[in-house]
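>>> Attaching a predicted model along with its sequence, questions to come.
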Amino acid sequence: MLSILIWLPVAAAALGALIPHRRGAGLLALAGSLAAFGLAISLIAGYSGHSGQLADVTNIVWIRSLGIHYSLGVDGLSLFLVAMTTFSFALALLAANIRTWARPRVFYFLFALAESAVLGAFLAQDLALFVAFFDLMLIPFYLLLGVWGGPGRVAATMKLVIYTFAGSLLMLAGAIALAVLTHQHSGQPLSFEFSALRAAPLPGGTQDWIFLLFAAAFLVKMPAFPLHGWMPDAYREMPVEVLATFSGVLSKVGAYGFLRIVLPTMPAASVHFQTLMLLVGLASVLYGSVMAFTQTNARLIAGYSSVAQLGFITLGIFAFAQAGAQGAVLQMVNHGIVVAPLFLIIGLLAARAGGSADIREMGGIAMRAPVLATVFLIVAFATLAMPGSGNFIGEFLILLGLFQTKMVISIIAFAGVVAASVYALRMFIRAMHNREGSQVHSRELRWPEALAIAPFLAAIGLFAFYPQIQLQRSERAVVAAISQEQALTAPAATAGGADR
Amino acid sequence: MIATLTHPPAPYVNFAALSPFEAVIGGSVLVLLVGLLGSRFARHQLVPALTLLTLAATAGLALWQWNDHVSAISGALAIDDLSLVMTLIFATAGAGATVLSWRGRAPAESAHGDYHALLLGSIAGMVVLVSAQNVVTLFIGIELLSIPLYVLCATEMHRAASLESGLKYLIIGSVGSATLVYGLALIYGATGATDFQAIATSVAHGQHSDTLLLGGVALVLVGLAFKASIAPFHQWTPDVYEGAPTPVTAFMAVATKAAAFGVLLRVFDVMLIGEKVNWRPVLALLAAITIIVGNVGALSQSSLKRMLAYSSVAQAGYILGGVAIATRLGVRATLFYLFVYLTANLAAFAVIVARERETTHGDDIDAVAGLGAERPWLAWSLTIAMLSLAGVPATAGFIGKVFLIDALVGAGYTWLAIVIVVGSIISLGYYLRVVGAVWMREAPLAAPLIAGGSPEADSAGRHFELTAVALAFAAATIVVGIIPQPLLDLAGRAAGAITGAL
């Protein structure tokens, strides 16, 4: 079942690449991703969340000599991320089908391969398999950016690859070290399965350096300050349809990795580095907000706002409080379904402003496009976490959790919430109102474009008014993920932080 | 005494066990003779066909010997799973080189018979080398492998670079051989034995002179390091790889390296295993230096062949890591990685040969610019080869690296594993530059090939065999990347042949 979910998109696209029809590649890739979305919905329907156990487990020995399993499973942590992934990819593929691309077969094949790799990373229950998918997802994005990107694409690919692959390879070394040293330490047979690694944690000192290797990979991927150096170039040059999924989905893999891998298998190191990680998160919030406020390129405003949002998510995770972690998981999904339409809209705006994503060139686009303006406003409100949006609930929970454990950081982080409303509204006003830009040709949203964006609005609305769909199902898994850290920090707090 | 010397008992020769070797030598002679025929068909088509047939027979006979563990010629050679797996690697590399040189310049300029006979002769030397059980056969093997290669490098005799390459290789190779034989003599002096097992026993029991033995070990290491292009003895590699005819480069890069590591395994992990306290750190250090030197050197190359030469240095460093740790897992990782290296390099070189014939850019990176739009099959093959060398998932290279790092961490050499990772990060800089050129650049404006202007131009675009080779090895890379277990088992079996002492 999960294997079908993972491989369906790429299989459909591969089939599409083989048939001679001109639009066939795109339509089949779209069909594959829609089917995957259907499967993801059926997963949600079938998952109760009461047990907190993995569902739909597949476990086949992949490489016997190394103890690597092709092990898949879904639980409350990954359930909605999987749904959000298939949802975003399906709609991004729909948006991509509106345009025509050079070499469409390769384009859609790579796009679908990216979806399969991301789904694989979310569903993998074996560390080596996770690393494989984590690395694999970079290749299609590298090529998508490099072949179909904007004029500065080649330089952008170089930065993207050097940052992200450096992180990935360090994580590969960390992953192997984690498994082999656990094997030597515990005397159990060599295994990369999460369950085996969770069962026998390593001594604290060893955990520490492995933690740093993993953290480097995940923080680069998010991206978090100060490892975001690849982000501006890549965001500026990537085709918007690709960027919508890249920013919406890929960045979550990093945050997910912390919850899935780092906290359960390296509890002592996680507690040890809690302050460092909180500071990284806080720095991301503040830096991202300030940068978003000063940029004029709409893509970069959205990009830096992502840095800030991912900073919030990091804060939520490393608060080691149930509310914070649940808020983080909720916010991962919410951010995905908000930032993806944001980028699609930026693409539409740029098309109306003579191809420039600079908000100084825009202005007055709302004039003849009231529907587009409304849609943009809704998304902008969701970005700034307006009460009544899902993001508000997510950020509220994160800050609540953080307030319980680390009050000072929580109070400083509130500044990020304020800043978000400033930069989001600034972008909206400069683009839609103000004096009309010289190149601007305001025109209304067309039907296919609306079709690609409307479902996002529906999802934003759904999670704004009914977040319990997610919270109920993720509760058990989230509690399990942070339970060891809570146990480690609680006595330390009462004993005045004596131990670590 | 004199009576026994004048009438030595005839050594027992196990002809069945030697059959792969016999096949390749016999084929070599046959090809040489057929090459003398006047008919153009015989020279241009029959000779390569017979070469391929010989290699197929060699591989078939090696498979027939499977599971046997016998010694041939009174213990001078041993046919075990390691030598058989290695024979398969050599036969594959040889077949690849034969197909790549079909319709090429090198055999036409030298002589088809000579060229292919030399190729087979070199393979015969490799087979002897990896089956050698005493230092004398080891040296015979290494010379039999090297001397034909010196000549093969110079077979494009109307091109100065090719001649230069042959001469350079001859000089450096001879220095390497001389160092090696000196070292072997010192080891003999220290232990009084030429047989690997006898030396191992002597070393293990401490019945030897330390100074002589350590001196011998050091010189043997240097000699073999020349052959395997391990830094700092790698300087010849880029020049020779660049100058030699590309099919020969492909063969050297793959088969010679495999042979050198086969013998490194036998020498260090069998013969000198008792001394491992002393050589393990040295080999690990050399591996680290080689990884850094190779990867940094490759960064600034614009010639694909030079780039692959430095990349082969870097890869030699990774593989040496597996030898250095002297564990069962390390030997398996080494052997598996050799296969990874084989498929990726042959695919890459096949693309380079194709582009050398199709464009005027030679082996410059411009030759592959815009390949994605122009020749998608070649483009995918080259992309997969580069990604595999870089160690990206879903390719064999990823599994190879995982296996290698796993072995290193398991043996307590985590620092070397980190060096491998750092090296891999650097290597992305040049591997992805090629991928970038293939997909993200337009084909440069070049002087159009003039039909009849050169023999290559006439057949441009009709090199189906090169595309086939590239695709076959790229496909193998992906298949092994997804289903590695059978090959890991094979590597495990081969490793089992020599890891009794580990």
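Nice, I can see it. Residues are numbered from 1 along each chain as shown, chains lettered A, B, ... in the order given.
>>> quick check: longest strand of chain A.
For chain A, the strand with the greatest residue count under DSSP state E is strand A:55-63.
>>> downstream neighbour of it in the secondary structure list?
Downstream of strand A:55-63, the first helix or strand assigned by DSSP states H and E is strand A:68-74.
>>> roughly how far apart are B:L167 and B:M307?
Relative to B:M307, B:L167 is positioned 23 Å away (criterion: C-beta to C-beta, to the nearest Å). Glycine gets a C-beta too; all of them are placed from N, C-alpha and C.
>>> Between these two, tell me which one has more neighbours.
In this view B:L167 and B:M307 are compared by other C-beta atoms under 10 Å in any protein chain shown, and B:M307 has more residues nearby, 25 against 15.
>>> which SS class is that one?
Secondary structure state of B:M307, per DSSP: H, G, I helix; E, B strand; the rest coil, is helix.
>>> Tell me which helix or strand the closest residue to it other than its chain neighbours sits in.
For B:M307, the nearest residue in space outside its immediate sequence neighbours is B:Q301; the separation is 4.1 Å by C-beta to C-beta, 6 or more residues apart in numbering or on different chains. Counting by DSSP H and E, B:Q301 is held by no secondary-structure element, helix or strand.
>>> Tell me how many other residues surround B:Q301.
The burial count for B:Q301: 20, using other C-beta under 10 Å.
>>> Ok, B:M126 next?
Here the number of neighbours of B:M126 (other C-beta under 10 Å) works out to 31.
>>> Kindly report the same for A:G38.
A:G38 is surrounded by 14 other residues when neighbours are defined as other C-beta under 10 Å.
>>> same question, B:H69
Taking other C-beta under 10 Å as the neighbour definition, B:H69 ends up with a count of 14.
>>> Also the one 4 residues further on?
Residue crowding around B:I73 was assessed by other C-beta under 10 Å; the count is 17.
>>> per-residue confidence for it?
Model confidence at B:I73, expressed as pLDDT, equals 73.
>>> Then the one 5 residues further on?
We have a pLDDT of 81 for B:A78.
>>> which SS class is it?
In the three-state summary, B:A78 is assigned as strand, counting by three-state DSSP.
>>> Quick check: bridge partners of it?
Beta-bridge pairing of B:A78, defined through DSSP bridges, involves B:S71.
>>> wait, it sits on B:A72?
Yes: in terms of C-beta atoms under 8 Å, B:A78 counts as a neighbour of B:A72; the distance is 7.4 Å.
>>> higher neighbour count, these two?
Taking other C-beta under 10 Å, B:A78 and B:A72 do not tie; B:A78 has more neighbours (24 against 21).
>>> Tell me how far the more buried one lies from chain A.
The span separating B:A78 from chain A equals 25 Å under the rule C-beta to the nearest C-beta, to the nearest Å.
>>> what residue ranges in the stretch 101-250 of chain A score low on pLDDT?
In the predicted model of the stretch 101-250 of chain A, no residue satisfies pLDDT under 70.
>>> Just want the residue of chain B that's nearest chain A.
Nearest residue of chain B to chain A (C-beta to the nearest C-beta) works out as B:P393 at 3.8 Å.
>>> that older thread, shared neighbours of B:A78 and B:A72, anything?
Counting by C-beta atoms under 8 Å, 6 or more residues apart in numbering or on different chains, the contacts common to B:A78 and B:A72 are B:S131.
>>> near chain A, which residues of chain B show up?
Applying C-beta under 8 Å from any C-beta of the partner chain, we find that chain B lies next to chain A at B:332, B:372-373, B:376, B:387, B:391-394, B:398-399, B:401-403, B:405-406, B:409-410, B:414, B:417-418, B:420-421, B:424-425, B:428-429, B:432, B:435-436, B:439-441, B:484-485, B:488-489, B:492.
>>> the bottom helix or strand of chain A by mean pLDDT?
Lowest by mean pLDDT, DSSP states H and E among the helices and strands of chain A is helix A:468-494, with a mean of 76.
>>> returning to that earlier point: from what I see, the residue nearest to B:M307 and B:N295 are in contact.
No: with contacts counted by C-beta under 8 Å, B:Q301 stays clear of B:N295, the gap being 11.4 Å.
>>> where do the contact lists of those two overlap?
Overlap of the contact sets of B:Q301 and B:N295 (by C-beta under 8 Å, 6+ apart) consists of B:Y310, B:Y430.
>>> quick one on the thing from earlier: sheet-wise, list the partners of the longest strand of chain A with their directions.
Here the strand partners of strand A:55-63, with direction, are listed using DSSP bridges: strand A:68-74 (antiparallel).
>>> Helix A:468-494 and the partner strand, what's the angle between them?
For the pair strand A:68-74 and helix A:468-494, the angle between their directions (axes from the mean of the first three to the mean of the last three C-alpha atoms, to 10 degrees) equals 110 degrees.
>>> what inclination does whichever helix or strand comes after strand A:68-74 have with respect to strand A:55-63?
Later in the chain than strand A:68-74, the nearest helix or strand by DSSP H and E is helix A:76-98. Helix A:76-98 and strand A:55-63 are oriented at 80 degrees to each other (the same axes, to 10 degrees).
>>> Would you mark the buried spots in helix A:76-98?
Along helix A:76-98, these residues count as buried under the neighbour rule (16 or more other C-beta atoms under 10 Å in any protein chain shown): A:76-97.
>>> The helix or strand following that helix vs chain B: in contact?
Sequence-wise, the next helix or strand beyond helix A:76-98 is helix A:104-123, with elements assigned using DSSP H and E. Yes: part of helix A:104-123 sits close enough to chain B to count as contact by C-beta under 8 Å from any C-beta, namely A:V106.
>>> elements contacting helix A:104-123?
With contacts defined as 3 or more C-beta pairs under 8 Å, 6 or more residues apart in numbering or on different chains; DSSP states H and E, the secondary structure elements packing on helix A:104-123 are helix A:2-18, helix A:24-46, strand A:68-74, helix A:76-98, helix A:127-136, helix A:138-148, helix A:240-245, helix A:251-257.
>>> Having no further points to raise, I will conclude here.
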